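Participant: Provided below for reference: sequence and predicted model.
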Amino acid sequence: MNSRRSWLIFSIGVFGYLVAVMQRTTIGVAGVAATDRFHSSASVLSTLAVLQLVVYAAMQVPVGVLIDRIGPRWLMTVGTSLMVIGQVTVAVAPTIGIAILGRILVGAGDATVFTSLMRLTSSWFSGRIVPQLSQWIGNIGQLGQVLSAVPFAMLLHEAGWTPAFLSAAGLSVVALAGIVLTITDRPSASVEGPRPASWREAIRLLGIALKRPGTQLGFWSHFTTQSSGTVFSLMWGYPFMVYALGYAPQDAASLLIVMVAAGVVIGPILGLLTARFPLRRSNLVLGVVAVMGVVWAVVLAWPGIPPFWLILVLLVAMGIGGPGSLIGFDYARTFNPMHSLGSANGIVNVGGFLASFVMMFLIGAVLDTVHSLHVAGGGADRLYSFDSFRIAFLVEFVVIGVGVIALVRARRRTRRQLSDDEGILVGPLWVALMGSWRRRRRS
């Protein structure tokens, strides 16, 4: 545990995840090019990304069961191979239907990598470093978004659709070679115990993990924190900045890096806070959600086009949501035994992507509806106007609001279980802060 071999496997696994994130987000910066190439409406274009996320989210639980049953190495190998095939399909797609098929394969392959890597980290490392490594997985992995926002976007602009997506597929070939040559599931001296002996046993453990309040709390933590940034970076942020705000396409693609930079800075801090205050993780999650909600409200309520500095603040706020979502996996790790951790991680990982594809599709539907009503009333034919986005982005408040309510209820059940099983009482945050302040005054 925590050996040189551990760090080698972690490094190769993180590189594989970085490449997977790049494959996932290439369609975000290719949104305008996809509109021109396939002559698609906003709803059809959103389907290109939504179906990818639907497949990703739908596969998380089966992938988690497979990790517990047969191990993460095999899944990462198959998944990375699927991403190669999927991106090649997108590269040569003559119609939107073929492109959607390719993105489905990308989503299926992408679905295996992150959860497998989280399981590998728990097998090869131990102690308080684990939640910090979870944050670094997220931070380094999100650099894949930089690869899609800068070199991929430049290649797309200069060389065209097919060369850009074929180059992306080639990078997955490199990741695949690293996974096959270096990664193993667990140390030779591992004391994790045997994997589930049968599929029936693996599915039974899945059911037990799903019923645990801590797993549910992880799910809703991921649901509320990850979705806004995913929707923005993967689908609607690029058209919003190019058409509604009037930014140059290359500038808009580059600005998505701000979200990654914010995550890189805040992620380690959240990792340390998560390890230092494990009973206050939900307060960290709710704090992240509150920051995003306030900034979004200011942007959408701004009279006229928001200034550039405010868009930067919005990107930073959404960037914090990425590392905030990783707190959900720390709930899975601490409330589940090792032999069912893959299933628990899969359940948690469904949360953010479920919220993302619901929001992504609804935003596209609202944009089309507002556009149709505007044109029918004699207005100009502008699908991606700021006023249209102002209405469409309100979808986020509804979806995340539902998630916050569910999160608070899951937290109540989790704290009740802690009290019953371990005698640990977790009071309101303000009570704990007041007690700490009084103790400091006495000292």
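Facilitator: It's in. Residues are numbered from 1 along each chain as shown.
Participant: what's the straight distance from one end of stretch 299-319 to the other?
Facilitator: Length of stretch 299-319, first residue to last, Cα to Cα, to the nearest Å: 16 Å.
Participant: can you tell me how far residue 291 sits from residue 141?
Facilitator: Distance, residue 291 to residue 141, by Cβ to Cβ, to the nearest Å: 22 Å. (C-beta placed from N, C-alpha, C; glycine too.)
Participant: Could you do residue 388 as well?
Facilitator: 32 Å.
Participant: still on that earlier bit, between residue 291 and residue 141, which one's more packed in?
Facilitator: Remark: of residue 291 and residue 141, residue 141 carries more neighbours, 26 against 17, as counted by other Cβ atoms under 10 Å.
Participant: quick one: the helices in the stretch 151-300 of the chain?
Facilitator: Remark: helices assigned in the stretch 151-300 of the chain by DSSP state H, counting those that start in this stretch are 153-159, 161-182, 199-211, 213-231, 237-239, 249-276, 281-301.
Participant: and among the ones you listed, the most buried is which?
Facilitator: Stretch with highest mean neighbour count among the helices of the stretch 151-300 of the chain: helix 213-231 (a mean of 28; mean count of other Cβ atoms under 10 Å).
Participant: Return the list of helices and strands in contact with that helix.
Facilitator: Here helix 213-231 touches helix 281-301, helix 308-325, helix 327-335, helix 341-376, helix 395-422, going by 3 or more Cβ pairs under 8 Å, 6 or more residues apart in numbering; DSSP states H and E.
Participant: Please render these as TSV that adds mean pLDDT and distance to residue 218 to the earlier fields.
Facilitator: As requested, those are exported to TSV (pLDDT from 0 to 100; distance: least, Cβ to Cβ, whole Å):
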stretch	mean pLDDT	distance to residue 218
helix 281-301	95	9
helix 308-325	94	10
helix 327-335	89	3
helix 341-376	87	4
helix 395-422	90	9
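Participant: Quick check: residue 407 vs residue 7, distance?
Facilitator: Counting by Cβ to Cβ, the gap between residue 407 and residue 7 amounts to 34 Å.
Participant: who has more neighbours, those two?
Facilitator: Counted by other Cβ under 10 Å, residue 407 and residue 7 do not tie: residue 407 has more neighbours, with 27 against 13.
Participant: so which of the helices and strands packed on helix 213-231 comes closest to residue 207?
Facilitator: Of all those, helix 341-376 sits nearest to residue 207, with 8.9 Å by Cβ to Cβ.
Participant: got the buried residues for the closest one?
Facilitator: Buried residues in helix 341-376, counting neighbours by 16 or more other Cβ atoms under 10 Å, are found at 341-364, 366-368, 370-371, 374.
Participant: List the single closest residue to residue 392 in space, sequence neighbours excluded.
Facilitator: Spatial nearest neighbour of residue 392, excluding adjacent residues (Cβ to Cβ, 6 or more residues apart in numbering): residue 366 at 4.0 Å.
Participant: dump the residue contacts of the one you found.
Facilitator: 388, 391, 392, 395 (Cβ atoms under 8 Å, 6 or more residues apart in numbering).
Participant: With residue 266 instead?
Facilitator: Neighbour list for residue 266: 319, 320, 323 [criterion: Cβ under 8 Å, 6+ apart].
Participant: Out of those residues, which is nearest to residue 214?
Facilitator: Among those, residue 323 lies closest to residue 214 (Cβ to Cβ), at 19.6 Å.
Participant: State the helix or strand in which residue 104 lies.
Facilitator: Under the criterion of DSSP states H and E, residue 104 resides in helix 96-124.
Participant: Now do that helix: which elements does it pack against?
Facilitator: Helix 96-124 packs on helix 4-29, helix 31-38, helix 42-70, helix 72-92, helix 129-141, helix 341-376, going by 3+ Cβ pairs under 8 Å, 6+ apart.
Participant: mean pLDDT lowest for which of those helices?
Facilitator: Among these, helix 31-38 has the lowest mean pLDDT, at a mean of 76.
Participant: Pull out the buried positions in that one.
Facilitator: For helix 31-38, the neighbour count (16+ other Cβ under 10 Å) marks 31, 32, 33, 34, 35, 37, 38 as buried.
Participant: what residues does it touch?
Facilitator: For helix 31-38, the surrounding residues in contact (Cβ under 8 Å, 6+ apart) are 27, 40, 44-45, 48, 95-96, 99, 156, 161, 235, 238-239, 242, 249.
Participant: So which of those residues is the closest to residue 281?
Facilitator: Nearest to residue 281 among the contacts of helix 31-38 is residue 235, at 29.0 Å by Cβ to Cβ.
Participant: burial measure for that closest one, as a count.
Facilitator: Residues lying near residue 235 (other Cβ under 10 Å) number 29.
Participant: As TSV, the buried residues of helix 31-38 with distance to residue 298 would be great.
Facilitator: Output for the buried residues of helix 31-38, formatted as TSV (distance: Cβ to Cβ, whole Å):
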residue	distance to residue 298
31	25
32	27
33	31
34	31
35	29
37	35
38	35
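Participant: re earlier: I'd like to know which of the helices and strands packed on helix 96-124 is closest to residue 421.
Facilitator: Checking the helices and strands packed on helix 96-124 against residue 421 by Cβ to Cβ gives helix 341-376 as the closest, at 17.0 Å.
Participant: do you know which of the helices and strands packed on helix 213-231 lies nearest residue 89?
Facilitator: For residue 89, the closest of these is helix 341-376, at 20.2 Å, according to Cβ to Cβ.
Participant: distance between that closest one and the chain's centre?
Facilitator: Relative to the centre of its chain, helix 341-376 is centred 13 Å away, using Cα atoms, centre = their mean, to the nearest Å.
Participant: try stretch 234-253
Facilitator: Distance, centroid of stretch 234-253 to centroid of chain: 20 Å (Cα atoms, centre = their mean).
Participant: Stretch 150-170 now?
Facilitator: 23 Å.
Participant: what does stretch 2-17 give?
Facilitator: With Cα atoms, centre = their mean as the basis, stretch 2-17 stands 21 Å off its chain's centre.
Participant: Now residue 185: phi and psi?
Facilitator: phi -70, psi -40 (degrees, to the nearest 10).
Participant: ok, back up a step: turn the helices and strands packed on helix 96-124 into JSON lines, including distance to residue 174.
Facilitator: Listed next are the helices and strands packed on helix 96-124 as JSON lines, based on distance: least, Cβ to Cβ, whole Å:
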{"stretch": "helix 4-29", "distance to residue 174": "8"}
{"stretch": "helix 31-38", "distance to residue 174": "24"}
{"stretch": "helix 42-70", "distance to residue 174": "22"}
{"stretch": "helix 72-92", "distance to residue 174": "10"}
{"stretch": "helix 129-141", "distance to residue 174": "16"}
{"stretch": "helix 341-376", "distance to residue 174": "25"}
